[in-house]
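Asker: Here's a sequence, model it:
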Amino acid sequence: NAIIRRLPVVETLGSTGIICTDKTGTLTRGEMTVVRIISPEGDFAVTGTGYTPEGSFTREGIPVDISTCPAMVELLRNGTLCNDCVLRQEGNEWRIDGDPTEGAFIVAAAKAGMQQARERTDRPRTDFIPFEPEQQFMATLHHLPGGEGIIYIKGAPEQIISLCDQAQDSNTRVINTEYWEDRATDMASAGLRVLALAWKAVATDQHSLR
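Answerer: The predicted model follows:
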């Protein structure tokens, strides 16, 4: 009689008779898939399952070219770079080396035409803070070809939202904390595992996150 928010909690159970879960393959195949993204540019649905990088993005049922959505491009880039997972192809099979949740981010970005290897070459990682349960986030520092620094972070919505003061869109505005907390709650209520992502530009001479 328990509703579990974080799947790793299952590992602490001594024995179970019945497990009720979703059908995305999290337990049966060890796979996670990004199915919905809410950004300042709207509510996007993502098609495709598993780790095969084939799928599309729609907004209100209408196909969307993600390259025309700057906030979504940065969000997907964030998910690719603030990430220790690698997507690879073996024959006709696509597999990941790493955490299933991180693998889902890489696959979502690939569906938008973003190549992980190229992104990592163009924006090499300078420093990082690994995910820890106590802090509820992972952060990485990168530098662009021109030397500009940028920090990417992803983690528990309540933690990430509390660190932000702006929301990105065509006219950057002060973040509506209550709005984003409500959206995270809505998604969690629908049975989705929810993570938040954010970024921050930093000085060219910053090479440490500590």
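Asker: Which pLDDT value belongs to the residue nearest to the spatial centre of the chain?
Answerer: In the chain, the centroid-proximal residue (Cα atoms, centre = their mean) is Gly79; its distance is 4.3 Å. You'll see Gly79 listed with a pLDDT of 96.
Asker: quick one: contacts for it?
Answerer: Gly79 is in contact with Phe105, Ile106, Ala108, Ala109, Lys154, Leu197, counting by Cβ atoms under 8 Å, 6 or more residues apart in numbering. (Glycine included, C-beta is placed from N, CA and C.)
Asker: Can I take it that it is in a strand?
Answerer: No - counting by DSSP: H, G, I helix; E, B strand; the rest coil, Gly79 falls outside a strand, being helix.
Asker: how far away is it from Ser208?
Answerer: From Gly79 across to Ser208, the span is 23 Å (Cβ to Cβ, to the nearest Å).
Asker: Also His143?
Answerer: His143 is 12 Å from Ser208, by Cβ to Cβ.
Asker: Neighbour count for these two, which is higher?
Answerer: His143 (18 against 7; other Cβ atoms under 10 Å).
Asker: Pretty sure the more buried one sits against Gly149.
Answerer: Yes - using Cβ atoms under 8 Å, His143 is in contact with Gly149, at 5.4 Å.
Asker: Overlap in contacts, the two.
Answerer: Thr126, Thr204.
Asker: what's near enough to touch Phe74?
Answerer: Quick fix: residue 74 is Glu, not Phe. By Cβ under 8 Å, 6+ apart, the neighbours of Glu74 are Gln168, Trp199.
Asker: Take stretch 197-209, keep the C-alpha atoms, and write them as PDB.
Answerer: C-alpha atoms of stretch 197-209 as PDB (Å, rounded to 0.1, in the frame of the first residue of the first chain):
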ATOM      1  CA  LEU A 197      17.000  21.700 -15.900                       C
ATOM      2  CA  ALA A 198      18.500  25.200 -15.800                       C
ATOM      3  CA  TRP A 199      21.600  27.000 -17.000                       C
ATOM      4  CA  LYS A 200      23.700  30.100 -16.200                       C
ATOM      5  CA  ALA A 201      26.300  32.000 -18.200                       C
ATOM      6  CA  VAL A 202      29.500  32.700 -16.200                       C
ATOM      7  CA  ALA A 203      32.900  34.500 -16.700                       C
ATOM      8  CA  THR A 204      35.400  33.000 -19.100                       C
ATOM      9  CA  ASP A 205      38.000  32.600 -16.300                       C
ATOM     10  CA  GLN A 206      35.700  30.500 -14.100                       C
ATOM     11  CA  HIS A 207      37.000  27.000 -14.200                       C
ATOM     12  CA  SER A 208      35.600  25.600 -10.900                       C
ATOM     13  CA  LEU A 209      32.100  25.000  -9.500                       C
END
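Asker: Could you pull up the mean pLDDT of that stretch?
Answerer: Stretch 197-209 comes out at a mean pLDDT of 94.
Asker: Buried residues in it, which are they?
Answerer: For stretch 197-209, a neighbour-count test (16 or more other Cβ atoms under 10 Å) marks Leu197, Ala198, Trp199, Val202 as buried.
Asker: In three-state terms, label His207 for me.
Answerer: Looking at His207 with three-state DSSP, the answer is coil.
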